[in-house]
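>>> Sequence isn't available, so here's the structure alone:
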């Protein structure tokens, strides 16, 4: 089974976000594998160990993305591919077209990715990629069972669970609860250094002029800002009737200001 995992490098969720002049200042910030992509990597390894085959992790981004890809290799992935090019725009439509251009020439039975990335939260890349590759897609899966050319998946559906039968090849995005991602072991880290790691640019994809034009961003970030700082809470004094009266007054004042 040829399994591909879509991998993105994001801020560590413990990092404090700093905004300078309407943009994120990431100097000194720690980057990690997008947490939802970790579930995708783990599921790919479980499926490979059960059915055989290879796991290839692929990322589109700057040079530092190699750190996340090498972590996935240390977890147990077999190969890694980094598409790094200064012309790449970090727009989900653009990224999906780049991935599609590469994967069209690759043998693929199963594509896994995270439900969304914790930095932007858009969750569009996998869905767009499935459309571009003309593959069936199921999002937010919490269980995956492959049976030859078919798969049975369960997905989170707004607090409920849906069971879906689907024909492979297909693309799935992982939701929390699908599995428990493993930590890279020391032997795994050592082995990762010898595993195939390919870095390419847009030129290596041999795109036509029309395809290059399709890589233009569909969205533009004008400015970023942090939420307004919360004011301190207030403890209501007096007995219960007095507290109710004061609370009612506060609510009416807030409505009037809104």
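Alright, I've got the coordinates. Predicted model, so just to flag it, every value in this text is computed and none were measured.

>>> Going along the chain, name the strands of the protein.
Per DSSP state E, the chain carries strands over the ranges 2-6, 9-11, 19-20, 23-24, 31-33, 54-60, 79-83, 110-114, 137-147, 150-157, 160-167, 170-174, 197-200.

>>> Could I get the full set of helices for this structure?
Using DSSP state H, the helices found in the chain span residues 35-51, 65-75, 92-103, 125-133, 186-192, 209-213, 240-257.

>>> Tell me how many other residues surround the spatially closest residue to residue 6 that is not a sequence neighbour.
Nearest non-adjacent residue to residue 6, counting by Cβ to Cβ, 6 or more residues apart in numbering: residue 113, 3.6 Å away. All C-beta atoms are positioned from the backbone trio N, CA, C, and that covers glycine. Applying other Cβ atoms under 10 Å, we find 31 residues neighbouring residue 113.

>>> Of the strands of the chain, which stretch is the most buried?
Ranked by average neighbour count under the criterion mean count of other Cβ atoms under 10 Å, those are headed by strand 110-114 at a mean of 28.

>>> To residue 233, which of the strands of the chain lies closest?
strand 19-20 (25.4 Å; Cβ to Cβ).

>>> Contacts only, for residue 114.
Residue 114 sits next to 6, 8, 34, 35, 36, 37, 38, 39, 40, 126, 173, 174 when contact means Cβ atoms under 8 Å, 6 or more residues apart in numbering.

>>> partners of the last one in the sheet?
Spelled out, that is residue 174. When bridges are called by DSSP bridges, residue 174 pairs up with residue 114, residue 141.

>>> Could I get the helices of the chain in JSON lines, plus columns for mean pLDDT, distance to residue 223 and mean neighbour count?
Converted to JSON lines, those look like this (pLDDT from 0 to 100; distance: least, Cβ to Cβ, whole Å; neighbours: other Cβ atoms under 10 Å):
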{"stretch": "helix 35-51", "mean pLDDT": "96", "distance to residue 223": "26", "mean neighbour count": "21"}
{"stretch": "helix 65-75", "mean pLDDT": "96", "distance to residue 223": "25", "mean neighbour count": "22"}
{"stretch": "helix 92-103", "mean pLDDT": "93", "distance to residue 223": "19", "mean neighbour count": "21"}
{"stretch": "helix 125-133", "mean pLDDT": "95", "distance to residue 223": "23", "mean neighbour count": "20"}
{"stretch": "helix 186-192", "mean pLDDT": "94", "distance to residue 223": "39", "mean neighbour count": "13"}
{"stretch": "helix 209-213", "mean pLDDT": "77", "distance to residue 223": "27", "mean neighbour count": "11"}
{"stretch": "helix 240-257", "mean pLDDT": "85", "distance to residue 223": "26", "mean neighbour count": "10"}
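
>>> Can you tell me which of these is nearest to residue 15?
When these are compared by Cβ to Cβ, helix 35-51 sits nearest residue 15, at 12.7 Å.

>>> Remind me what the closest one packs against, helices and strands.
Here helix 35-51 touches strand 2-6, strand 54-60, helix 65-75, strand 110-114, strand 137-147, strand 170-174, going by 3 or more Cβ pairs under 8 Å, 6 or more residues apart in numbering; DSSP states H and E.

>>> Average pLDDT for the last one, rounded please.
Strand 170-174 shows a mean pLDDT of 97 in the predicted model.

>>> How about residues contacting that strand?
36-37, 39-40, 43, 110-116, 123, 126, 129-130, 133, 135-141, 144, 151, 153.

>>> 6 Å instead?
Contact with strand 170-174 is made by 36, 39-40, 111-115, 126, 130, 135-139, 141, as judged by Cβ atoms under 6 Å, 6 or more residues apart in numbering.

>>> Quick one: work out the angle between it and strand 137-147.
Counting by axes from the mean of the first three to the mean of the last three Cα atoms, to 10 degrees, strand 170-174 lies at 100 degrees to strand 137-147.

>>> Then the second one?
Taking the same axes, to 10 degrees, one finds strand 54-60 and strand 137-147 inclined to each other by 170 degrees.

>>> Relative to the whole chain's centre, how far out is strand 54-60?
How far strand 54-60 lies from its chain's middle: 13 Å, per Cα atoms, centre = their mean, to the nearest Å.
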